[in-house]
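In: sequence plus the predicted model coming up.
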Amino acid sequence: MSERTLHVIGGGLAGSEAAWQAAEAGCEVVLHEMRPVRRTDAHQTDRLAELVCSNSFRADDWEANAVGLLHAEMRRLGSLIMACGDAHQTPAGGALAVDRDGFAEAVTRAIASHPRIRIEREEVAGPPPADWASVIIATGPLTSPALADAIGRLTGEAELSFFDAIAPIVHAETIDMSVAWRQSRYDKAGPGGDAAAYINCPMDKACYEGFIDALLTGPKSEFKDWEHVPYFDGCLPIEVMAERGRETLRHGPMKPVGLTNPHRPGEKPYAVVQLRQDNALGTLWNMVGFQTKLKHGAQTEIFRTVPGLERAVFARLGGLHRNTFINSPKLLDAQLRLRADPRLRFAGQITGVEGYVESAAIGLIAGRLAAAERIGRRLAAPPETTALGALVRHITGGHLAAGSGSFQPMNINYGLLPPLGAVPRAEDRRKLGKRDRTRARKRAIALRALADLAAWAAEPVPAPA
C-alpha cells in the first residue's frame, strides 16, 4: 500500500460504499471489518453490508419521495449498495426491498474482488494508529466498546446512543391465507412491478383492543444501564408506540387505509398487520413496524393472536440492539472530518443519519471526499439542493440552530432541501389544486436536484491552491 492508502473502519453499508467509491476513484483502500473475529449481538454472518433490521430501502419513487430521490442520486454516482440492491430486489409495493442474503453476498463479492481494496478481518480496538494518514470511521450502530471509548476521548463528547429494533420474520407457509390476503396499499406497484407485495392480516376492534392490552402488559427485556436512553422515532418498538396511546398503532404501521379484504369485501378492517417479503424465494416475511423488546416467549404468544398468524412459525423473533452516534454538527467540518483530528472522517449511521440508504449515502460522499484528498485534490460535497448534499449539510451544520442538545438521527426528507423559488403551476399557467401542487413541487425539487448533481459530478476536481 502507498502513502495514498485510505483506511476504512467498518464493513457495513457505509463502509462498503466508502471503500468502493474511493477505490473506483483510484485510491488504495484497506477495509477493516471486525467480524468474525469479534461478533455483535445483532449480526448473524461475517458478510459485508449485512442487513440486521428491515430488508427495505423504502420508497423508490424519485419524483414523489425524498428517499426515492436519494436512490436516484446514488445510482447516478455509481453506488455499489444501490447496484446490489437493484440486482437482489424482492416485491415490496412502492418500496425497494432486497433479499438480504443475496444482497450481502453481492456486496462482499464486489469488495473482495476489487483490485484496489484489501479486507482486514480485525477489530480496531482503540484510536486509529498515528501512521494512518487518512481514515474513515464507519462503524455504524454497533461500534465496538473499545473503539467507542476511543471516539469519546477523541471528540471530548459523551457518546449519544439509542435502541435500534429488529422486527420478527415469519415462515410464509405458516400464514393462513384463508384469512390474510396479498395487496399493497392502494394497489401501488413498486420497482418490481408487483401491486400485491404485502400480506395483510385484518383485525376487528375487539381483536385490536386485546392485542394492545397484551402489548402493554407483556414482559419486556430489561437493559439496565441503557434503559433510559431515548429511542429514535423512526424505529420505535411496537409496545412503546402502544404506550403513547391506544390508537397510535392504528394510525401508524397498522393503519387499515387503502386495503380491501377480498374474504370480506363488505367489511372494513379496524386495523391491519402487514408483512413484507424478506427473501427472493418468498419463503420469509417480516412483520412491518413490529420492532419489539418483548421477551421471546411473549412475542410468540401475542403475535399469534393476530388473525392469519395463529399457527405462525417464526424464523427470527424481534429484538433490540444499541446504537451510537456523535454530535456531528459540532464535531465535523464540511468535509466530514473530525475538527479535532482532520485525518479522521466519519460516515454512516454514527454521524446521525438514520436508515440504510442514508448511511450508505454518507459513505459514498465520504469515500469520494477522502479519495480526492488522497490524490492532492479538494472536492466539495454536493450542493444542498441535492438529497446527498442536504444530508451532509444537516449533519455538518444545518442542525446547529436547533440548539446544542437536540441533535438526533434523521432520515432524508424534503424539509432538509431548500424550498423552490416559485410555486409550480400547470402547463397553461393555471394554479394547481393542493394535491397536484404538492406532487408538482416534489417533482420540481427532484428535477432540480438531479440537474445540480449532474453539474457537480461533471466539474473537474480542482488542485489545491
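Out: Cool, the structure landed.

In: okay, now residue 437: neighbour count?
Out: Look at residue 437: counted by other CB atoms under 10 Å, it has 15 neighbours. The C-beta positions use only the backbone N, C-alpha and C, and glycine is treated the same way.

In: low-scoring pLDDT stretches of the stretch 1-150 of the chain, where are they?
Out: The stretch 1-150 of the chain contains residues with pLDDT under 70 at 1-3, 41-43.

In: actually the stretch 351-465 of the chain, not the one I wrote
Out: In the stretch 351-465 of the chain, residues with pLDDT under 70: 398-408, 424-429, 432, 461-465.

In: which element is residue 442 on?
Out: helix 434-458 (DSSP states H and E).

In: now residue 136
Out: Under the criterion of DSSP H and E, residue 136 resides in strand 135-137.

In: likewise for residue 216?
Out: helix 205-217.

In: could I get the helix or strand following that helix in PDB with only the CA atoms?
Out: The helix or strand immediately downstream of helix 205-217 is helix 238-243, counting by DSSP H and E. This file holds the C-alpha atoms of helix 238-243, laid out as PDB (Å, rounded to 0.1, in the frame of the first residue of the first chain):
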ATOM      1  CA  ILE A 238     -44.300  -1.600  18.900                       C
ATOM      2  CA  GLU A 239     -45.100  -1.700  22.600                       C
ATOM      3  CA  VAL A 240     -43.600   1.800  23.100                       C
ATOM      4  CA  MET A 241     -45.900   3.100  20.300                       C
ATOM      5  CA  ALA A 242     -48.800   1.400  22.100                       C
ATOM      6  CA  GLU A 243     -47.800   3.200  25.300                       C
END
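
In: residues of helix 238-243 that come out buried?
Out: Neighbour-count burial for helix 238-243, counted by 16 or more other CB atoms under 10 Å, picks out 238, 239, 240, 241, 242.

In: one more: stretch 39-52?
Out: For stretch 39-52, by 16+ other CB under 10 Å, it's 40, 42, 43, 46, 47, 48, 49, 50, 51, 52.

In: now, which of those sits nearest residue 414?
Out: Taking CB to CB as the measure, residue 414 lies nearest residue 51 of those, at 25.7 Å.

In: quick one: contacts for the nearest residue to the closest one once chain neighbours are set aside?
Out: Residue nearest to residue 51 in three dimensions, not counting chain neighbours: residue 100, with 4.5 Å by CB to CB, 6 or more residues apart in numbering. Residue 100 sits next to 50, 51, 55, 278, 279 when contact means CB atoms under 8 Å, 6 or more residues apart in numbering.

In: same deal with residue 311?
Out: Contacts of residue 311 by CB under 8 Å, 6+ apart are 174, 176, 304.

In: need the contact list for the first one.
Out: The one in question is residue 174. So residue 174 contacts 309, 311, 312, 313 (CB under 8 Å, 6+ apart).

In: and the second one, by the same measure?
Out: Contacts here follow CB under 8 Å, 6+ apart; on that basis residue 176 touches 307, 308, 309, 310, 311.

In: ramachandran coordinates for the third one?
Out: Here is the backbone geometry of residue 309 (degrees, to the nearest 10): phi -120, psi 20.

In: now do the last one
Out: Backbone geometry at residue 311, expressed as degrees, to the nearest 10, gives phi -120, psi 20.

In: hmm, back to that, need the buried residues of stretch 39-52 in a markdown table (columns: secondary structure and distance to residue 95).
Out: Converted to a markdown table, the buried residues of stretch 39-52 look like this (DSSP: H, G, I helix; E, B strand; the rest coil; distance: CB to CB, whole Å):
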| residue | secondary structure | distance to residue 95 |
| --- | --- | --- |
| 40 | coil | 26 |
| 42 | coil | 22 |
| 43 | coil | 23 |
| 46 | coil | 28 |
| 47 | coil | 22 |
| 48 | coil | 23 |
| 49 | coil | 18 |
| 50 | coil | 20 |
| 51 | coil | 14 |
| 52 | coil | 18 |
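
In: turn those into JSON lines, including distance to residue 31.
Out: What follows is those, written out as JSON lines (distance: CB to CB, whole Å):
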{"residue": "40", "distance to residue 31": "17"}
{"residue": "42", "distance to residue 31": "20"}
{"residue": "43", "distance to residue 31": "16"}
{"residue": "46", "distance to residue 31": "13"}
{"residue": "47", "distance to residue 31": "13"}
{"residue": "48", "distance to residue 31": "8"}
{"residue": "49", "distance to residue 31": "11"}
{"residue": "50", "distance to residue 31": "14"}
{"residue": "51", "distance to residue 31": "18"}
{"residue": "52", "distance to residue 31": "19"}
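
In: just the closest of those residues to residue 382, please.
Out: residue 49 (22.5 Å).

In: now do the SS call for the nearest residue in space to the closest one that is not next to it in sequence.
Out: Leaving aside its sequence neighbours, residue 49 sits nearest to residue 107 (CB to CB, 6+ apart; 4.0 Å). Taken by DSSP: H, G, I helix; E, B strand; the rest coil, the conformation at residue 107 corresponds to helix.

In: pretty sure residue 107 is touching residue 51, no?
Out: No - in this structure residue 107 lies outside contact range of residue 51 using CB atoms under 8 Å: 10.2 Å.

In: tell me the one of the buried residues of stretch 39-52 nearest residue 365?
Out: residue 49 (17.1 Å).

In: which residues does that closest one contact?
Out: Contacts of residue 49 by CB under 8 Å, 6+ apart are 11, 12, 13, 16, 81, 84, 103, 104, 107, 108.

In: what do you get if the cut-off is 7 Å, keeping everything else the same?
Out: The contact partners of residue 49, taken as CB atoms under 7 Å, 6 or more residues apart in numbering, are 12, 13, 16, 81, 103, 104, 107.

In: quick revisit: buried residues in the helix holding residue 216?
Out: Buried residues in helix 205-217 (16+ other CB under 10 Å): 207, 208, 211, 212, 214, 215.

In: tell me what it is packed against?
Out: helix 238-243 (3 or more CB pairs under 7 Å, 6 or more residues apart in numbering; DSSP states H and E).

In: tell me, how many neighbours does residue 196 end up with?
Out: Neighbours of residue 196 using other CB under 10 Å come to 14.

In: shouldn't it be within a helix?
Out: No - read with three-state DSSP, residue 196 is coil and lies in no helix.

In: counting neighbours, what do you get for the residue lying closest to it once chain neighbours are set aside?
Out: Excluding the flanking residues, the one nearest residue 196 by CB to CB, 6+ apart is residue 182, at 4.1 Å. If you count neighbours by other CB under 10 Å, residue 182 ends up with 15.

In: what bridges to residue 182?
Out: residue 199 (DSSP bridges).
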